[in-house]
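> Sequence and predicted structure below; questions after.
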Amino acid sequence: MPEEVVDSDNIDVCEKDEGDKIFNLKILSVIKEAQQKHGLRHADYQRYRGYCSRRIRRLRKAMGLVQADKRKFNKKDVTESLLSDVKHLHIPLITAERAWAYYMQLKFEANAEPRKKYHMINRLRKAKKYAEQLDTLCADSSKVDARTKLETKAYHCWLTGTLYFETGKWGEAQNMLSQAKTIYDSLSQAVGEEEGNLFRQKMDEITPSLRYCAYNIGDTSAKEDLLSMRGGTAGMELDTLISQTREQQAATLQDVEWRGRKMAVKQEKVRIFLLSYQESGQELVRARDTDAKLAVYEDLLLQCKDALQALREDLVEDPEFRTRQQQSSGKVGSQHFLYTYIQYIRHSITLSRNTVLLESMRNQLEGKEKPTEGRKLVKPQDVVRMYENMIQSLSEVTTLAGLEEDESLKQANLIKMTFYRAFKTFYMAKAFIFAQKWPEAMAIFQKTKEYISKVKAEKGVDKELSSQLNELDKLVEENQFVAHANSILETESITDKVAEIDLKKKAPLMERLDQYYEDPDVGKGKSSLARFPPEFEPIPCKPLFFDLAINHLEMPSLESKLEAQKAAGEKSGLGGWIWGWGKK
């Protein structure tokens, strides 16, 4: 299958004199372009590795450096004496990329098959070897310009630092990655804006690894830096580093206390989740926008799901847990109550995430925030549906094992449910306003006011809830006036139409069912309900047919047939009369 070649704009050959050529290879541009075209846009490292293999074969064939024939293998490395074309520099570069792509492929597969980790390290070590070969080749040659030498040095330092990082040599990894970042920083300032963005993106990829190295060396502030970077350009690599940091701290979390009960935490995934939940408050404070907050909540929900699964697998073997699941009363063990606690946390996280979503949806509905491109416009029905989910979640909390008799929790949840019902009915009324159903909207606004007064009558309502209720009360009053005014205008328009009706026509009621006016004759008993007797109406009748042609037809003569029958009867005699009398 033919492959696309790398853009020649990234390869420059500068001529000093007629005989001297200075090679310029924009390494980061070359590999980024090849990665985007051949699989890495979708994280398909196997496809990119196959592309690298085919490209190396083509380069060696074009440069006359084929290493194998039918009989034996002859190793042919690119040396400074052979360097006569910029394509010679591509051979060690693409070879290093092929080994790095194989390392990344194995890194993903090692999550399910730990034995592949050793093979992964060997591939990364080979990538570092070819990057070092490229760096040495360019550093010792006078045919390569300064920028290429700097890029090859940075590329070599980055792969070397990555190798030390994977093998847990934090000091060496920090040193090499710092060198790579420094070189990329210098290059980003020396080139144009477009190429500078590539170098800055590479620096952003290196930064989380540097902070993780600092944390492992002993810098406690590095952990906070990692958490503050979430939501940036580092992506999945940063989430991996944060999870590794939490795994190291999880060993210190042995038990947890909630609702007056102390529970032992035995499962590793449960420990990691509880640590993440404890630190989520700081992450949310540092979050820059709504998307960053939602990313934190989504990550917590995924970890919560894993923790619940791990805990449930252990509890299934407990007969008390199975019995309690079938009944609504009975003893709740320590691990079962821990399961309830994590379920409670899951509901709390879901409510917080929905609150953030609702804030964004309400801003879009009120015109304070522009809708995101590619997403549908927010409608009041969407907000109502979100509040229904929150009310359902709160009602499920009170049914969790061990919380059925907790009256304080029931009372707190009841207040919250009434609070959310007030907002739900408000947006239901808004939906009726959009549909121009004014009486229905006014009726539901009245229901909203009832919910608001119920919540305000309760003791111990949070200040934040009270302030939101006051704002809601103002909005209800404003929208109620709007609905009332439109209802009056609509009534006036109906009155105008009624005034246009001609009362002198005295049409019977059966003929004016779609019109209304006050008929004074109704009270006197003289109202005309229908026409009686009904008037004659023309209807189609069955047509009559007259056969006029039969009088003009001449029928055929039957005399010949009558004479033949008479002659046959005379010849038959007495026998014919006996046996054939019935034929006459």
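On my side now, so go ahead.
> for the strand or helix carrying residue 562, what is the average pLDDT?
Assigned by DSSP states H and E, residue 562 belongs to helix 559-571. The average of the pLDDT scores along helix 559-571 is 74.
> Just give me how far that helix sits from the chain centre.
104 Å (Cα atoms, centre = their mean, to the nearest Å).
> list the buried ones in it?
When neighbours are counted by 16 or more other Cβ atoms under 10 Å, no buried residue of helix 559-571 is found. For every residue, glycine as well, the C-beta is placed using N, CA and C.
> what's the answer for stretch 21-32, then?
22, 23, 24, 25, 26, 27, 28, 29, 30, 31, 32.
> Mind checking which of the residues you listed are in helices?
27, 28, 29, 30, 31, 32 (DSSP state H).
> Now do residue 478 against residue 433, distance only.
Distance, residue 478 to residue 433, by Cβ to Cβ, to the nearest Å: 11 Å.
> How far does stretch 67-79 sit from its chain's centre?
So, by Cα atoms, centre = their mean, the centroid of stretch 67-79 is 51 Å from its chain's centroid.
> Residues touching that stretch, excluding its own?
Here stretch 67-79 makes contact (Cβ atoms under 8 Å, 6 or more residues apart in numbering) with 60, 65, 66, 88, 89, 91, 92, 133, 137.
> number of nearby residues for the nearest residue to the third one once chain neighbours are set aside?
Closest residue to residue 66 apart from its sequence neighbours, by Cβ to Cβ, 6 or more residues apart in numbering: residue 60 at 5.2 Å. Burial of residue 60 is recorded as 18 neighbouring residues (other Cβ atoms under 10 Å).
> mean confidence score for whichever strand or helix holds residue 60?
With elements taken from DSSP H and E, the one containing residue 60 is helix 45-63. The average pLDDT within helix 45-63 is 92.
> Name the residues that touch it?
Contacts with helix 45-63, where a contact means Cβ under 8 Å, 6+ apart, come from 3, 34-35, 38-40, 65-67, 76, 85, 87-88, 90-91, 94-95, 97-98, 101-102, 104-105, 108.
> The nearest residue to residue 178 once chain neighbours are set aside and residue 165: what is the separation?
Distances taken as Cβ to Cβ, 6+ apart put residue 210 closest to residue 178, at 6.5 Å, once the chain neighbours are dropped. With the distance defined as Cβ to Cβ, residue 210 ends up 10 Å from residue 165.
> Kindly report the same for residue 302.
25 Å.
> out of the two, which sits in the busier spot?
In this view residue 302 and residue 165 are compared by other Cβ under 10 Å, and residue 165 has more residues nearby, 22 against 12.
> Surely that one is within a helix?
Yes. Membership of residue 165 in a helix is supported by DSSP: H, G, I helix; E, B strand; the rest coil.
> and the residue nearest to residue 480 when sequence neighbours are not counted, how many neighbours does it have?
Once flanking residues are discounted, residue 480 sits nearest to residue 445: 4.6 Å by Cβ to Cβ, 6+ apart. Neighbours of residue 445 under the rule other Cβ under 10 Å: 25.
> surely residue 445 meets residue 478?
No. Applying Cβ atoms under 8 Å, one finds residue 445 not in contact with residue 478, separated by 10.1 Å.
> low-scoring pLDDT stretches of the stretch 301-450 of the chain, where are they?
Counting by pLDDT under 70, the stretch 301-450 of the chain has low-confidence residues at 328, 374.
> Look up phi and psi at the closest residue to residue 510 other than its chain neighbours.
Residue nearest to residue 510 in three dimensions, not counting chain neighbours: residue 530, with 4.6 Å by Cβ to Cβ, 6+ apart. Main-chain torsions, residue 530, degrees, to the nearest 10: phi -160, psi 160.
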